[in-house]
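Asker: Got a predicted structure here, sequence first:
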Amino acid sequence: MEDRSACCLEHGASCEIRTELDRAHEELAASREELKTEKDRLCKLAVTTFSLLGEARVTDEGVQLSYFGDLTPEDKLGIKADGVFSDVNKVMAQIHPDDVENYRRNIEHSLATGEPLTVIYRASDGRGGWRWLKLRACCIEKKDNRFAQWLHDTVDITEQKEIEEELKKTVDELQRLKAQLLRENQYLKEESDWSATDTDIIGNSEMLTRVLRQVELVAATSASVLISGETGTGKELVARAIHKRSDRRNRLFVAVNCAALPATLVESTLFGHEKGAFTGASARRAGRFEQADGSTLFLDEVGELPLEIQSKLLRVLQSGEYERVGGNKTLRTDVRIIAASNLNLEQAVREGRFRSDLYHRLAVFPVHLPALRERPGDIALLTAYLVSRKARKLGRKIDSIPHAAMNLLTAYDWPGNIRELENVLERAIILSPGTSLRLEAIQLGPVSAAAQALKPHEPSLAAAGADSRDTLKNRETTHILRVCESTGWKIKGPDGAAHILGLNPGTLYSRMKKLGIRRPCPQPPVTH
């Protein structure tokens, strides 16, 4: 009886095991059927998409690849590579060298862990180019403790990557322009007292005309320019004129007065500094070279730079590279340097106060500005121009300059040059009670022998001031007539009246029309 019971129990257990096995086989069969259905769906999808779908089997020989459908990698991915996609090693042989290690690392990690795989890489298209591909794979079977079967697809994302690269370039360019705009705004705030009208160069003397010819010649190049001349002769105006006539004219003109910078701040001002570079450096600050990238940097009184800064300036001129104070990142800049000095830099080089190699780098194209006393013929034009502009700025009306006053101005030596003339005229305008410029209250100091010779023959200032014919308009008319007659009424061209007067031909025609100046009609020949 007991034996029969035991037998029944064993038989029942065996039946239960068979039932479980049958159920497992049924579930496996159902899973295979679902997998087959999914494969069929993916195979149909492969025909209508740009995905290369297939299976990967892991064997002792490696990872073997197969694909759904009849389309080739060239049909799907634009890659001409027969047999290349048959196993992973052959695929890696076609991958861009920069992407091989990342591809191998991702494959090995997924084979070891069974985790889903996603990797982006470049593969040769067989025609000398590269295609961007995106591989995705997931494990669908594990056998003998090995992730043996994988489902994978490869998608051509070349167009997407090209769009991303273009977008990245656009964003980078916008960020660069934004940074440049911020730098220029910062500089303009610091230099807000600069006025665009100060770019006018007035005069028609032979010495100044020669300088203007040099400006025209060098402006079209990117050569470094060294402007020399006494203080107050207008070196910055010439630098701005060069910039205004160059192909960098649409960018910001950046000026630095080297003599006005404390020795401890020269390097930071020129090259910028990082946050914490020194006490008080609470934020990163762009230097003048960074602000002038792609434009013109004017270094006024360059002879005042310390020797250690001169060596760093030389490096920028030679290689276009520099570092911010407290930084270790090398920055590049494309800056045109125009330097100026009222010192004799050649003498400074001989005395060891200025580097000879830097001097020769700066003086690729030297320009010398004559002192005002060397071109006394320009004083009348300068006076008329400055009086008109400054009277308007001061809210005064000055419409005549007496002969005696003009004689004194012309005879004076002007050790401070144009800057001194400008200050004297501004003071005279303020002190003049009427509409005539008066100099009685202005002490010009010792005058030249020419002034002393003129003194006995000068009419009184009161009498000269009473001459209503001696107005700015009359002086301008007379001067334009004299120049036009000297050129035979030729207005345009390098030897025309407009060039001699330093005006645009259109501007001169407008002035002549306003002043009523007309070319005299030729007289008919006399017949007998």
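Answerer: Received it, and whenever you're ready, just let me know what you need.
Asker: give the contact list for Thr333.
Answerer: By CB atoms under 8 Å, 6 or more residues apart in numbering, the residues touching Thr333 are Phe289, Glu290, Ala292, Asp293, Val316, Gly320, Glu321, Tyr322. Backbone N, C-alpha and C define where each C-beta goes, glycine included.
Asker: Out of those residues, which end up buried?
Answerer: The neighbour count (16 or more other CB atoms under 10 Å) marks Phe289, Glu290, Ala292, Asp293, Val316, Tyr322 as buried among the contacts of Thr333.
Asker: tell me the two of the contacts of Thr333 that are most distant?
Answerer: Farthest-apart pair in those is Ala292 and Glu321; separation 14.9 Å (CB to CB).
Asker: Just the ones in strands from the buried ones among the contacts of Thr333, please.
Answerer: Among these, the residues falling in strands (DSSP state E) are Tyr322.
Asker: Could you identify the helix or strand that succeeds the longest strand belonging to the chain?
Answerer: In the chain, assigned by DSSP E, the strand with the most residues is strand 130-143. Next helix or strand after strand 130-143 toward the C-terminus (DSSP states H and E): strand 146-156.
Asker: Show me the strands in the stretch 301-450 of the chain, by range?
Answerer: 321-322, 331-332, 336-341, 365-368 (DSSP state E, counting those that start in this stretch).
Asker: Pull out the buried positions in stretch 165-174.
Answerer: Neighbour counts over stretch 165-174 (16+ other CB under 10 Å) mark no residue as buried.
Asker: With stretch 399-419 instead?
Answerer: So for stretch 399-419, counting by 16+ other CB under 10 Å, buried means 399-414, 416-418.
Asker: How much space separates Ala283 from Leu167?
Answerer: 30 Å (CB to CB, to the nearest Å).
Asker: How many residues are close by Thr121?
Answerer: That one is not Thr; residue 121 is Tyr. A count of nearby residues for Tyr121, using other CB atoms under 10 Å, gives 22.
Asker: tell me which element it falls in.
Answerer: Judged by DSSP H and E, Tyr121 forms part of strand 117-124.
Asker: re the thing from before, just the buried ones among the contacts of Thr333 now: which is nearest Ile491?
Answerer: Ile491 lies nearest to Ala292 out of those, by CB to CB, at 37.3 Å.
Asker: was I right about the closest one contacting Ile337?
Answerer: No. In this structure Ala292 lies outside contact range of Ile337 using CB atoms under 8 Å: 9.1 Å.
Asker: could you list every residue that touches the residue nearest to Lys235 when sequence neighbours are not counted?
Answerer: Of all residues not flanking Lys235 in the chain, Ala340 sits nearest, at 4.0 Å (CB to CB, 6 or more residues apart in numbering). If you count contacts by CB under 8 Å, 6+ apart, Ala340 has them with Leu226, Ile227, Ser228, Gly229, Lys235, Glu236, Ala239, Phe298, Leu299, Asp300, Glu301, Val302.
Asker: Most neighbours out of these, which is it?
Answerer: Within the contacts of Ala340, most neighbours by other CB under 10 Å means Ile227, with 30 neighbours.
Asker: Can you give me the pLDDT of that one?
Answerer: Per-residue pLDDT puts Ile227 at 96.
Asker: quick one on the thing from earlier: with the contacts of Thr333 in mind, which one is nearest to Gly395?
Answerer: Of all the contacts of Thr333, Gly395 sits closest to Ala292, with 36.2 Å by CB to CB.
Asker: Now for the closest residue to the closest one other than its chain neighbours: which residues touch it?
Answerer: Here the nearest residue to Ala292 in space, its sequence neighbours aside, is Val254; by CB to CB, 6+ apart that works out to 3.9 Å. Contact analysis of Val254 by CB under 8 Å, 6+ apart lists Tyr187, Arg288, Gln291, Ala292, Ser295, Thr296, Leu297, Phe298.
Asker: For the fifth one, which non-adjacent residue is spatially closest?
Answerer: Translated: Ser295. Arg251 is the one closest to Ser295 (CB to CB, 6+ apart), at 3.6 Å.
Asker: Please parse the protein into its domains.
Answerer: Using automatic domain parsing, the domain ranges for the chain come out as 34-156, 194-370, 373-515.
Asker: For the last one, what is the distance to the chain centroid?
Answerer: In other words, domain 373-515. Relative to its chain's centre, domain 373-515 lies at 41 Å (CA atoms, centre = their mean, to the nearest Å).
Asker: could you give me the average pLDDT of it?
Answerer: Per-residue pLDDT values over domain 373-515 give a mean of 77.
Asker: Also the shortest one?
Answerer: Model confidence over domain 34-156, given as mean pLDDT, is 76.
Asker: Check the offset of it from the chain's centre.
Answerer: The chain centre lies 46 Å from the centre of domain 34-156; the measure is CA atoms, centre = their mean.
Asker: all helices for the stretch 401-528 of the chain, in order.
Answerer: Secondary structure of the stretch 401-528 of the chain (DSSP state H, counting those that start in this stretch): helices at 403-411, 417-431, 449-454, 461-466, 472-486, 497-501, 505-515.
Asker: Which ones among the contacts of Ala340 map onto strands?
Answerer: Leu226, Ile227, Ser228, Phe298, Leu299, Asp300.
Asker: Check the residues you listed and tell me the two furthest apart.
Answerer: Once CB to CB is applied, the ones in strands among the contacts of Ala340 give Ser228 and Phe298 as the farthest pair, at 14.0 Å.
Asker: contacting residues around stretch 508-521?
Answerer: Contacts for stretch 508-521 (CB under 8 Å, 6+ apart): Lys473, Glu476, Thr477, Ile480, Leu481, Cys484, Trp489, Ile491, Ala497, Ala498, Leu501, Leu503.
Asker: same thing but at 10 Å, please
Answerer: Stretch 508-521 has contacts (CB atoms under 10 Å, 6 or more residues apart in numbering) with 473-474, 476-478, 480-481, 483-485, 488-489, 491-492, 496-504.
Asker: picking that back up, with distance to Ile517 as added columns, please give the ones in strands among the contacts of Ala340 in a markdown table.
Answerer: Converted to a markdown table, these look like this (distance: CB to CB, whole Å):
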| residue | distance to Ile517 |
| --- | --- |
| Leu226 | 40 |
| Ile227 | 35 |
| Ser228 | 38 |
| Phe298 | 38 |
| Leu299 | 43 |
| Asp300 | 39 |
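Asker: Sort out which one of these lies nearest Ile430 for me.
Answerer: Asp300 (28.3 Å).
Asker: show me the contacts for that closest one.
Answerer: Contacts of Asp300 (CB under 10 Å, 6+ apart): 227, 235-236, 239, 255-260, 338-342.
Asker: Can you give me every residue that contacts the residue lying closest to Glu141 once chain neighbours are set aside?
Answerer: The shortest distance from Glu141 to any non-neighbouring residue, by CB to CB, 6+ apart, is to Gln149 (3.7 Å). Residues near Gln149 by CB under 10 Å, 6+ apart: Leu35, Glu55, Ala56, Arg57, Val58, Cys139, Ile140, Glu141, Lys142, Lys143.
Asker: So what's the residue count around the third one?
Answerer: The reference is to Ala56. Using other CB under 10 Å, the number of residues around Ala56 comes to 22.
Asker: and it, that one's in a strand?
Answerer: Yes. Under DSSP: H, G, I helix; E, B strand; the rest coil, Ala56 falls within a strand.
Asker: Okay, and the beta partners of the closest residue to it other than its chain neighbours?
Answerer: Spatial nearest neighbour of Ala56, chain neighbours left out: Trp150 (4.1 Å); criterion: CB to CB, 6+ apart. Note on Trp150: beta-bridge partners by DSSP bridges are Ala56, Cys139.
Asker: tally of neighbours for Trp150?
Answerer: Residues near Trp150, counting by other CB under 10 Å, number 22.
Asker: just Ala363 next, same as before
Answerer: 17.
Asker: does it really touch Ala339, like I thought?
Answerer: Yes. Between Ala363 and Ala339 there is a contact under CB atoms under 10 Å: 8.4 Å.
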